[in-house]
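Novice: just need the structure, nothing else, for what follows:
(chains A and B)
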Amino acid sequence: MSDTTITDPGVSEPDPDDGATLDEATDGTTLVDEVIPTATDGSRSDDGLDHLGLAHHTSTGLSNTKLGMWLFLGSECLMFGGLIATYMLYRNRQGDAIGPDQLWDIPFTSASSFCLLMSSLTMVLAVSAAKRHDDRNTRLWLITTASLGGLFVAGQVYEFTTFYREGLGYTTSLFGSSFYTLTGFHGVHVSVGIMMLMALMFMLSRNKVAGDKAETVEMIGLYWHFVDIVWIIIFTLVYLIPA
Amino acid sequence: MAIIERPVDAPATDGGPAVVATPSSSFGYLRRPVQTKGWRSWAFSVDHKKIGIMYGVTAMVFFIVGGLEASLIRAQLARPEGHILSADKYNQMFTMHATTMVFLFVMPMAAAFANYMIPLQIGARDVAFPRLNAFSFWTFLFGGIFINTSWFLGGGADGGWFMYAPNSTTPFSPSDGVNFWTLGLLITGVASLAGAVNLIVTVLNMRAPGMTMMRMPIFTWMGLVTQFLLLFAMPVITVALFLLLFQRNYGATFFSVQDGADPLLWQHLFWIFGHPEVYIIVLPAFGIVSEVLPVFSRKPLFGYPFVVFSGAAIGFLGWGVWAHHMFASGLGPISVSVFAVATMAIAIPTGVKIINWTLTMWGGKLYFSTAMLFAIGLIIEFTIGGLSGVTHSVAPSDTQQTDTYYIVAHFHYVIFGGGVLGLFAGMYYWWPKVFGKLLSETIGKWNFWFMIVGMNMTFGPMHILGLQGQPRRMYIWTEQRAGEGFFNLAFWNLVSSIGTVVLVTGVFLFLVNVWHTTRKAPPAPADPWDARSLEWITSSPPKEYNFERTPTVHALDEFFHRKYEDVGTGDQHEYKKVATGEDVIAEEVAHADAHIHLPSPSYWPIMLALALPIMAYGVIYHTLLIVAGAALLIGSVFGWALEPSTAPESDFDPPSDGGETSKELAVHV
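Specialist: Residues are numbered from 1 along each chain as shown, chains lettered A, B, ... in the order given. All right, here's what the predicted structure looks like:
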């Protein structure tokens, strides 16, 4: 399209200082240089650039991986939201079959929940050790976290077997289907977390972690805390609120 | 880690600089792929542009498949007592038509544009997680193929695209079709979710220096809103799909009404996903149109902040209107009223957009390129679809219209008129950017007119059919019940079916145009449309590393302001062209960055993606396949984790001038 002069109602104005570097252009001054900033352009201060010519990305300040993990966890909230809503809808629909009142063993589940909650503490200690570049203690706290998580999953397996023996199968009732689906999804999340913790430990000891070690530990920590928080909600809604 | 080294005083030539791929120094159990030509350069690529093109090609193939399915439906309904399809095949046909068009054409085609254009529009060299990006594409492709293999393995799904349970449970749909559908959508859902995380991080974290949020090109903005919708909508449908899968395969009872299940559970879960999905479909097209209209009106977008915030408002309100799909299900007067009002409210931000587009054209020097025609087509057709949508928000009227062809007419005007026309506008607008050649305008205009006439002939009469009472999903109609006079069903069904032929011809002309352009067309100029945004400040097609140097942004419509100088006085702006696009690009080449670090290709994304359909077949056929798929999955995850995305420090050669090694551009995973 040819040379044109058009009228702009001024929705988007260029920065008025853009033309200031005309004289500083060193490679033959053409009109084009007017609007192209050069490395020595120090005239703008409003957009927070590094004026030494080192281009910085405009970003949130969070690392990509951390932002990505937060977004993923946001998405996971909706998934557990859907599962919890389904359970809450069906929590009293067991017909003549066995219901929550006959099944729950609150002291036992409290104990296994306590293990999971404590694992969040040990996870924090692992992240803290990783930030101090203390690989030995990082690994120690990671294995502790994984073990506590393992205790929780073992408790869940035991609980499922007991419930099954007492007459609550997956297909027994709406209550059964939705209970096992919700807690099962959570258990799978914990198990995946344990696998990540174990893998991270292995990779730390072989020095195979690419990039920032402390951040990698922190990422898995974020996931772990999330799974933990979800359990607090599930434990409250499923076990503690009377049917 | 591919490292591009070049001295500053010898800018890149046409052949491009040598790409040095790191050999076996990588960790992991496989050497990294190094091919830059042939199928391997595509299969293992992590380049967002190659992935974008692959998304586009795949989506186009599925568009043709979905179009064939639609043609069969219209062929069946063209005459009374149609006998081309059996009732059962007809059910499969409309289910798979909708599923293919929504999940395998419109969404991935929008993903193609987002993948290709967003990094270019924000001045980045790639997305935030390049391997995850490749994984998204392959997962989508394998998921799409998986769903379509059901045609050869006992028939497709037959419950309608919303697959209402309990109608979709085993007693009512005993074939494996619904299982394929459920598992396939779980797989493509993984692709959408991974893509959403990736693109949101890219937009939020990787914008070029100076590109504040309110200087972002509008397509990137709409893409960002769309990805947030995907991020929060996909997990909800995932839950619904899992529940249905467990009911059909493992005896759960979520939807067994005889056991006390709530028959509305599926509907709520589906539409909490399903309504945001509507905006997932149209917002990218809105973004494209908002790019195309200013360029061909020779004016900036009217009220850019309004277009941005109305897009965000649509994204937000889109979560509060899902039950308007369920007005006829007996929700009760309070719920119905609330959702009716919310639905009417969402017309406001949509109307804001229509007004902004119209005022963008108002007083502009309009240039009616094919892209512009498609964009104007979108404004008109989408407005028609939007208005019939408002009639649905009136609950009593909707109760009358539910499950008639009036609904079919409405959502085709919205999805075809709002989504597909926008995507075609994007094709014509960005084709020279992506392939370096202009699509033929002559064939393009024929393409446009056939499609616009075809769509109005096909979907327009459906308003009449619906108001006359023809139900949806009806596989046959009879002469004696067609009625008489102007509004008889026989006439309008025939018109609709003939319209389909016109529409199909239009799409065929697009393929002809592509073929013609690839064979015959000369290279396009660097800036054929006198464009405004950042993706044009580089060669067409862009080099592997996108930009000669990372652009610094000072204004919305950066490229425009580099070409035009404000010669007005005071508040009066008057812009005079002081440079051509070629000049601006030449200036970038002259200041090319010396060191550009790009992510390397990888085997793991495609292998990890392959594990998912294997596991899905396992759910249907044999547990051993699940185990095999899981083994591949775990192996691939570990291979991926052990393969560094960033090469070790020693792989970065120090620059010849002895300065700091720039790791600024290295893309982190």
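
Novice: got the domain ranges for chain A?
Specialist: What the record gives for chain A is the domain set A:14-58, A:64-240, from automatic domain parsing.

Novice: what's the end-to-end length of stretch B:617-625?
Specialist: Start and end residues of stretch B:617-625 are separated by 7 Å (Cα to Cα, to the nearest Å).

Novice: pull out the buried residues from it.
Specialist: B:617, B:618, B:619, B:620, B:625 (16 or more other Cβ atoms under 10 Å in any protein chain shown). The C-beta positions use only the backbone N, C-alpha and C, and glycine is treated the same way.

Novice: contacts for it, please.
Specialist: Identification of contacts with stretch B:617-625 by Cβ atoms under 8 Å, 6 or more residues apart in numbering or on different chains yields B:146, B:176, B:179-180, B:183, B:245, B:249, B:614-615, B:626-629.

Novice: how about the strands in chain A?
Specialist: A:5-7 (DSSP state E).

Novice: so how far is residue B:638 from the residue of the stretch 1-150 of chain B found nearest chain A?
Specialist: Chain A sits closest to residue B:128 of the stretch 1-150 of chain B, with a gap of 4.4 Å, by Cβ to the nearest Cβ. Distance, residue B:128 to residue B:638, using Cβ to Cβ, to the nearest Å: 22 Å.

Novice: mind checking which of those two has more residues around it?
Specialist: Just comparing residue B:128 and residue B:638: by other Cβ atoms under 10 Å in any protein chain shown the higher neighbour count belongs to residue B:128, 27 against 17.

Novice: quick check: the more buried one touching residue B:196?
Specialist: No: in this structure, residue B:128 is not within contact of residue B:196 by Cβ atoms under 8 Å, at 11.8 Å.

Novice: with adjacent residues omitted, what lies nearest to residue B:464?
Specialist: residue B:492 (5.1 Å; Cβ to Cβ, 6 or more residues apart in numbering or on different chains).

Novice: before we move on, which element is that neighbour in?
Specialist: Of the helices and strands defined by DSSP states H and E, residue B:492 is found in helix B:489-520.

Novice: elements contacting that helix?
Specialist: With contacts taken as 3 or more Cβ pairs under 8 Å, 6 or more residues apart in numbering or on different chains; DSSP states H and E, helix B:489-520 sits against helix B:48-78, helix B:421-435, helix B:441-467.

Novice: most tightly surrounded among the ones you listed?
Specialist: Most buried of these, by mean neighbour count (mean count of other Cβ atoms under 10 Å in any protein chain shown): helix B:421-435, with a mean of 25.

Novice: for that helix, what does the pLDDT average out to?
Specialist: Confidence for helix B:421-435, expressed as mean pLDDT, is 97.

Novice: now swap in stretch B:590-603 and tell me
Specialist: 82.

Novice: can you give me the end-to-end span of it?
Specialist: Note: stretch B:590-603 ends 36 Å apart using Cα to Cα.

Novice: and chain A, is that stretch touching that?
Specialist: Yes: interface with chain A: stretch B:590-603 contributes B:590, B:591 (Cβ under 8 Å from any Cβ of the partner chain).

Novice: now that stretch: buried residues?
Specialist: Here stretch B:590-603 shows B:590-603 as buried, counting by 16+ other Cβ under 10 Å.

Novice: just stretch A:189-201 next, same as before
Specialist: With the criterion 16+ other Cβ under 10 Å, stretch A:189-201 contains buried residues A:189, A:190, A:191, A:193, A:194, A:196, A:197, A:199, A:200, A:201.
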